[in-house]
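# Model the following, please.
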Amino acid sequence: MVKINLGGCNPFVKDADYKEYLKKAFDAFDTLQAENGAGNDFLGWKDLPVNTPESMIKACEDIRDDWKARGVNLVVVLGIGGSYLGARCALEALSHQFLPKKDAPRIVFAGNNMSEDYLAELMDLMALCNTACIVISKSGTTTETAVAFRLVKEYLDKTYSDSANRIVAVTDAKRGALKTLSTQEGYRTFVIPDNVGGRFSVLTPVGLLPILVAGFDVRAMLRGAADTRAKMFEKSEDNPAIQYAAMRNLLYSKLGKRVEVLVSFDPRLQYLGEWWKQLYGESEGKEGKGIFPASVIFTTDLHSMGQFIQEGERVMFETTVTVENAKRSLTIGTDAQNLDQLNFLAGKHVEYCNRMAQLGTKLAHIDGGVPQLELCIEKVDEYNLGAIFYFFEFACGVSAYELGINPFNQPGVEAYKKNMFALLDKPGYEAQSEEIRKRL
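Okay, the predicted model is just below:
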């Protein structure tokens, strides 16, 4: 379960102001739960933890088992934005930081950029491995993913006689280029629900299939999300999502804190920050409004961004995701010479030192004018990742409605695409191409 601590905001926030914004958060909560707000046709994510059929998970297990029988040791996951960030977050968090997982394929991600060198080096890796592919796209025409898939598909078709069994598509149920191709080629498919937007899709096959194929327990992830859902649905001042939404909107609207920095002292959670940035950036950054989402990993980034956070422009607040219990036990030993002068730490756990660094940083940043929110999870495992995923999704809906924004659209994402298509001379963009080239 996700717990919240707002004590690090007390030096900056008046109690009367917090109560005002708590009331606004309750109103936003009512809108989200009544499902009568803007974007209410994209609320299918709310019930995924309790409505995901066992048959879908078993179908994912069939893919895993089939690829194992074929000797697959590399799975390329193709997708961009919400089509890969949730899965990558989970795999980065759950995997051993240095060693491969036994009896599971290596998972790599592509289709999230158009770097020629990146894709060429991916082809180098595929040539050394026994490869399969998961391609994730509702339309099948998202440029970055479609370019990568064309290259990967061509390689698989040339290399393997059973290539159709090495490609799985996660796509629309009925329409789109990828759905059409899957039907023609006989690919196994999973559905992206129409009422779930990409950045809210980690608990659909978009995230669950790669996570399961990588050897992790998606049922535990769904249980963590389901237990958190029950807590999120309570209209109470003790609801962490309501507290989080109220405080961040107060800091933004009353105190001018326009940047939220998501912090973790655990490097395994680096991609939680990347997933969270998309979730909140696309959901709230509209109509000239929104808190800019940034992320750091401490203590690493204290040696790069620490100076700015401590003494730079006072436009930010921090939300720290604290992991209460480490998985491993490692203590610091003694040294006869003590040249590094660390014998005072002898016998202490490394994680104890990390925790003291966290507390010291919190006090220093409060003294420097940076309000502190803290979210706590027990440990980094599938259950707690499911919990934090669902917490942030639900809190995002409440927070955006409190801000007066539709959390579930992203109209600004199309602007760069139109310019790119025109510059690439895509058919139908001839007039735009001429105008853009004049500007350049």
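
# what helix or strand is the spatially most central residue of the chain on?
The centre of the chain sits closest to Trp275, judged by CA atoms, centre = their mean, with a distance of 2.1 Å. Trp275 belongs to helix 270-284 when assigned by DSSP states H and E.

# other SSEs contacting that helix?
helix 85-94, strand 259-264, strand 292-297, helix 382-403 (3 or more CB pairs under 8 Å, 6 or more residues apart in numbering; DSSP states H and E). For every residue, glycine as well, the C-beta is placed using N, CA and C.

# Please name whichever of those is nearest to Asp425.
helix 85-94 (30.6 Å; CB to CB).

# starting at the chain centroid, how far to the closest one?
Centre-to-centre, helix 85-94 and its host chain are 8 Å apart (CA atoms, centre = their mean, to the nearest Å).

# Pull the residues that contact that helix.
77, 107, 109, 199, 201-203, 206-207, 210-211, 214, 216, 221, 268-272, 274-275, 278, 380-382, 385, 389 (CB atoms under 8 Å, 6 or more residues apart in numbering).

# how about the CA coordinates for that helix, as CSV?
What follows is helix 85-94, C-alpha atoms only, in CSV (Å, rounded to 0.1, in the frame of the first residue of the first chain):
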residue,chain,number,x,y,z
LEU,A,85,7.3,3.1,-20.5
GLY,A,86,5.3,1.1,-18.0
ALA,A,87,6.8,-2.2,-19.0
ARG,A,88,10.3,-0.7,-19.0
CYS,A,89,9.7,0.8,-15.6
ALA,A,90,8.7,-2.6,-14.2
LEU,A,91,11.6,-4.5,-15.8
GLU,A,92,14.2,-2.0,-14.7
ALA,A,93,12.8,-2.1,-11.1
LEU,A,94,12.4,-5.9,-10.8
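
# Show me what the very next helix or strand once past that helix pairs with in its sheet, parallel or antiparallel.
Downstream of helix 85-94, the next assigned helix or strand under DSSP H and E is strand 106-110. Note on strand 106-110: by DSSP bridges, its sheet partners are strand 74-78 (parallel).

# So which residues make contact with the partner strand?
For strand 74-78, the surrounding residues in contact (CB under 8 Å, 6+ apart) are 67, 84, 87, 105-111, 122, 125-126, 129-137, 145, 148-149, 152, 210, 213-214.

# and these, which are buried?
The neighbour count (16 or more other CB atoms under 10 Å) marks 67, 84, 87, 105-111, 122, 126, 129, 131-137, 145, 148-149, 152, 210, 213-214 as buried among the contacts of strand 74-78.

# for the worst-scoring helix or strand of the chain on mean pLDDT, packing partners?
Every helix and strand of the chain was ranked by mean pLDDT, DSSP states H and E. The lowest is helix 430-439, at a mean of 75. In terms of contacts (3+ CB pairs under 8 Å, 6+ apart), helix 430-439 is packed against helix 414-423.

# what helices or strands is the helix it packs on leaning on?
So helix 414-423, by 3+ CB pairs under 8 Å, 6+ apart, packs with helix 430-439.

# Tell me where the stretch 51-200 of the chain is predicted with low confidence.
Counting by pLDDT under 70, the stretch 51-200 of the chain has no low-confidence residues at all.

# of all the helices and strands packed on helix 270-284, which lies closest to Gly186?
helix 85-94 (24.3 Å).

# what's the helix holding Trp275 in contact with?
81-82, 85-86, 88-89, 92-93, 199-200, 202, 260, 262, 264, 290-297, 321, 388-389, 392-393, 396-397, 399-400, 403, 405, 407-408, 410, 413.

# picking up where we left off before, quick one, grab the pLDDT at the residue nearest to the centre of the chain.
Confidence at Trp275, expressed as pLDDT, is 98.

# Return the distance of it relative to Phe265.
Separation of Trp275 from Phe265 (CB to CB, to the nearest Å) stands at 18 Å.

# Tell me which stretches of the stretch 51-200 of the chain form helices.
54-69, 85-94, 116-128, 143-159, 177-185 (DSSP state H, counting those that start in this stretch).

# Render the CA-only coordinates of the third one in CSV, please.
What follows is helix 116-128, C-alpha atoms only, in CSV (Å, rounded to 0.1, in the frame of the first residue of the first chain):
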residue,chain,number,x,y,z
GLU,A,116,19.6,5.1,-37.3
ASP,A,117,22.5,4.0,-35.2
TYR,A,118,20.2,2.7,-32.5
LEU,A,119,18.2,0.6,-34.9
ALA,A,120,21.3,-0.6,-36.7
GLU,A,121,22.8,-1.8,-33.4
LEU,A,122,19.5,-3.5,-32.6
MET,A,123,19.9,-5.4,-35.8
ASP,A,124,23.4,-6.4,-34.7
LEU,A,125,22.1,-7.8,-31.5
MET,A,126,19.2,-9.7,-33.2
ALA,A,127,21.7,-11.4,-35.5
LEU,A,128,23.5,-12.8,-32.4
